[in-house]
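> build me a structure from this.
(2 chains)
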Amino acid sequence: MQASSIDIVWNGRASRMRRRRLVIGSLLTLVVLLFALTLMLGQTFTPPGEVLRVLFGEEVQGASFTVGQLRLPRAVLAVLTGLSFGLGGAAFQIMLRNPLASPDIIGINLGASAAAVFAIVVLQMNGPAVSVFAVVAALGVAMAIYGLSFRDGVAGTRLILIGIGVAAMLESFIAYTLSRAPAWSLQEAMRWLAGSLNGTQTSQTLPLLVALFLFGGLLLSRARDLDTLRLGDDTAAALGTNVAATRIIVMIAAVGVIAVATAVAGPVSFVAFLAGSIAARLVGGNGSILLPAALLGAVLVMLADYAGQFLLPSRYPVGVVTGALGAPYLIYLIIRVNRSGGSL
Amino acid sequence: MITHTLAAKALSAGYGDTVVLNGLDLDVPPGRITAIVGANACGKSTLLRAMSRLLSPHNGQVLLDGKSIHHMPPRQLAKMLGLLPQSPIAPEGITVADLVGRGRHPHQGMFSRWSRGDDEAVAAALEMTKTAGLAERPVDELSGGQRQRVWIAMALAQRTDLLLLDEPTTFLDVSHQIEVLDLLTDLNHSRGTTIVMVLHDLNLAARYADHLVAMARGRLHVSGPAEEVLTEETVRHVFGLDSRIISDPISGRPIMLPIGRHRVTAEPTGTGAPLPYSSDNPQKEDHS
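The predicted structure follows:
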């Protein structure tokens, strides 16, 4: 009897691990595949051989510019921002046990946008200063939401509702600022409203990479503690997780990755929200959602950006496409949660 | 077998400015089953939360082996002291074995792999709670009684010498209540685990506890063996209810029969309270 129970436990765990590896492996393959495709496809088709030669630094007539200058930086940024949004979004959703707790719904992305618009229109800042300002503001907004919802510990629902309220305030602040904006700053400010990978530069890759390594690494190192929060704060504490410390670290790291990605690509709407909730469905109870959600974020941004550029009648920024995808899913999720009372 | 001691000293705790516990002293007898009883809002759950560090005390302290639990690393505490909260949350789609495995969390480092020992602890917990047959079933599909056994299995997989449970029998029908309490008694007998539980049902508490603690208004009213604690005086003081205590023919422990305003036909002895017989309301007594 004893031995057979151990076998059941061992086999069960092995099959859960297989399922998890399968999900992560498939997503990883998908990311690589999409990345390769976006390098080959565009207005013109570039054969894989030429793409490889460009990647290895050879000068190829025509391809060097389209692949090396246009498609590669854009694809790299699509992957990095996707990873960031997916990772940060899932961290928030797990921490608050609610798919609606995604940073793009509770106003954290909007905090970055509002600060950037203010910096451009009113303070007449430009370049990297705007991004730094936006990242700091996003952290400030997150802290404000956390502080406002603090009463004997933070209740997830209260934080989400306060976040939605804050998001509404930020949106009206953006509208007010834009209505008074001089025409020359409007173009630059608009970039911060709908997420877009247009006009991305290779120089933006480095801050994104650093943020991903730093904050992403911090998040992944906390993945196990974070996962115990899914059982409820009390159970997590009983299992030896320092709930308050985990919350603060996870929140700072998640806001960090999200804000830096927003500074590069703008608030690509619903990627954080979609990636976390879909990853949770794919992985089930089998371990942390963080990594699968990050990969899904990359898949979503690449797909949506490609669709926005080439599949639709006119060119749309990536945020428009993800917004159109995300909103119906949000409605579906609310209906489903209402019906089953389920959480993430 | 190491037996840890747990004690609350002059413990005051509450939520915000509301004081729920007011200078409470409690010594948990090691290796025994302690049940905490009391009226609603008397601070039973708050006491359990403060003793397991879910709540920081305003004043006083909780001592585990003489050391304050509030200065202990959380994981180290979680290896000695387990807690099953009143309403834990099962993530959607999680299987029984996976959930029970979460009990191993305090024994695993940040990057350490799952070990054979972890599997053994999970398997033993499943067997003890008779949930091995459910191992690969999703927790959301289980009945209330099964689910409660699974949560207890998770706490067992944690392998702590002390186990605190907040109303482990709520929402269960009577047969499942007995099943859970029998299971906890088995655990106490076979491993010597010290058990502290908040129970709503006085009679079940009196039957299963070695040590009964009656609380009233944030303080410890009386504690000791059930025979000494469960008296008509205690019930009146703690619950504001007249009652008669008789001996349970099944266990020999005291059993409390509430005296309400209706349906009382026998002459109550010992309470001295006059009985209001004017009954036209067919409502039944509903105590627990």
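
> can you map out the helices along chain B?
Taking DSSP state H, the helices of chain B run over residues B:44-51, B:74-80, B:96-101, B:116-128, B:144-157, B:174-191, B:202-208, B:226-229, B:232-239.

> export these to CSV and tack on distance to residue B:252?
C-betas here are computed from N, CA, C, even on glycine. Formatted as CSV, the helices of chain B follow (distance: least, CB to CB, whole Å):
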stretch, distance to residue B:252
helix B:44-51, 26
helix B:74-80, 34
helix B:96-101, 36
helix B:116-128, 27
helix B:144-157, 27
helix B:174-191, 15
helix B:202-208, 9
helix B:226-229, 9
helix B:232-239, 18
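
> nearest to chain A, out of those helices?
Checking those against chain A by CB to the nearest CB gives helix B:74-80 as the closest, at 3.0 Å.

> for residue 151, give me its contacts.
Here I'm looking at chain A. Residue A:151 makes contacts with A:158, B:16, as judged by CB atoms under 8 Å, 6 or more residues apart in numbering or on different chains.

> not quite, go with chain B.
By CB under 8 Å, 6+ apart, the neighbours of residue B:151 are B:84, B:88, B:99.

> kindly identify which of the residues you listed also come near chain A.
Counting by CB under 8 Å from any CB of the partner chain, B:84, B:88, B:99 from the contacts of residue B:151 sit close to chain A.

> so can I have JSON lines of the residues you listed showing neighbour count and pLDDT?
Shown next, in JSON lines, are those (neighbours: other CB atoms under 10 Å in any protein chain shown; pLDDT from 0 to 100):
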{"residue": "B:84", "neighbour count": "24", "pLDDT": "94"}
{"residue": "B:88", "neighbour count": "22", "pLDDT": "88"}
{"residue": "B:99", "neighbour count": "24", "pLDDT": "93"}
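
> closest to residue A:165 among those?
Of all the ones next to chain A among the contacts of residue B:151, residue A:165 sits closest to residue B:88, with 29.9 Å by CB to CB.

> for the stretch 151-300 of chain A, which spans come out with low pLDDT?
Residue ranges of the stretch 151-300 of chain A with pLDDT under 70: A:152-154, A:285.

> check contacts around the closest residue to residue B:208 other than its chain neighbours.
Distances taken as CB to CB, 6 or more residues apart in numbering or on different chains put residue B:181 closest to residue B:208, at 4.7 Å, once the chain neighbours are dropped. Contacts for residue B:181 (CB under 8 Å, 6+ apart) come out as B:168, B:169, B:204, B:207, B:208.

> mind picking the two most distant members of those?
Longest span within the contacts of residue B:181, CB to CB: B:168 and B:207, 14.7 Å.

> who has more neighbours, these two?
residue B:168 (24 against 20; other CB atoms under 10 Å in any protein chain shown).

> isn't that one up against residue B:148?
Yes: using CB atoms under 8 Å, residue B:168 makes contact with residue B:148 at a distance of 6.5 Å.

> which residues do those two both contact?
Counting by CB under 8 Å, 6+ apart, the shared contacts of residue B:168 and residue B:148 are residue B:180.

> and the ones next to chain A among the contacts of residue B:151, which is closest to residue B:155?
residue B:84 (4.8 Å).

> I figured that closest one was touching residue B:162, is that so?
No: assessed by CB under 8 Å, residue B:84 is found out of contact with residue B:162, at 11.9 Å.

> centroid-nearest residue for the chain?
You didn't say which chain, so I picked chain A. Using CA atoms, centre = their mean, the residue of chain A that lies closest to the mean C-alpha position is residue A:85, 0.9 Å off.

> oops, wrong one, chain B.
residue B:197 (1.6 Å).

> coming back round to it: from chain B, how far off is the residue nearest to the centre of chain A?
To chain B, residue A:85 is 22 Å away according to CB to the nearest CB, to the nearest Å.

> where does that residue sit: helix, strand or coil?
Of the three states, residue A:85 takes helix under DSSP: H, G, I helix; E, B strand; the rest coil.

> isn't it up against residue A:301?
Yes: using CB under 8 Å, residue A:85 is in contact with residue A:301, at 7.1 Å.

> so for the two, which residues contact both of them?
Contacts common to residue A:85 and residue A:301, judged by CB under 8 Å, 6+ apart, are A:268, A:271.

> and the stretch 101-250 of chain A, which residues reach chain B?
Counting by CB under 8 Å from any CB, the stretch 101-250 of chain A sits next to chain B at A:151-152, A:221, A:224, A:228, A:230-232, A:234-235, A:237-242.

> buried ones among these?
A:224, A:228, A:230, A:231, A:232, A:234, A:235, A:237, A:238, A:239, A:240, A:241 (16 or more other CB atoms under 10 Å in any protein chain shown).
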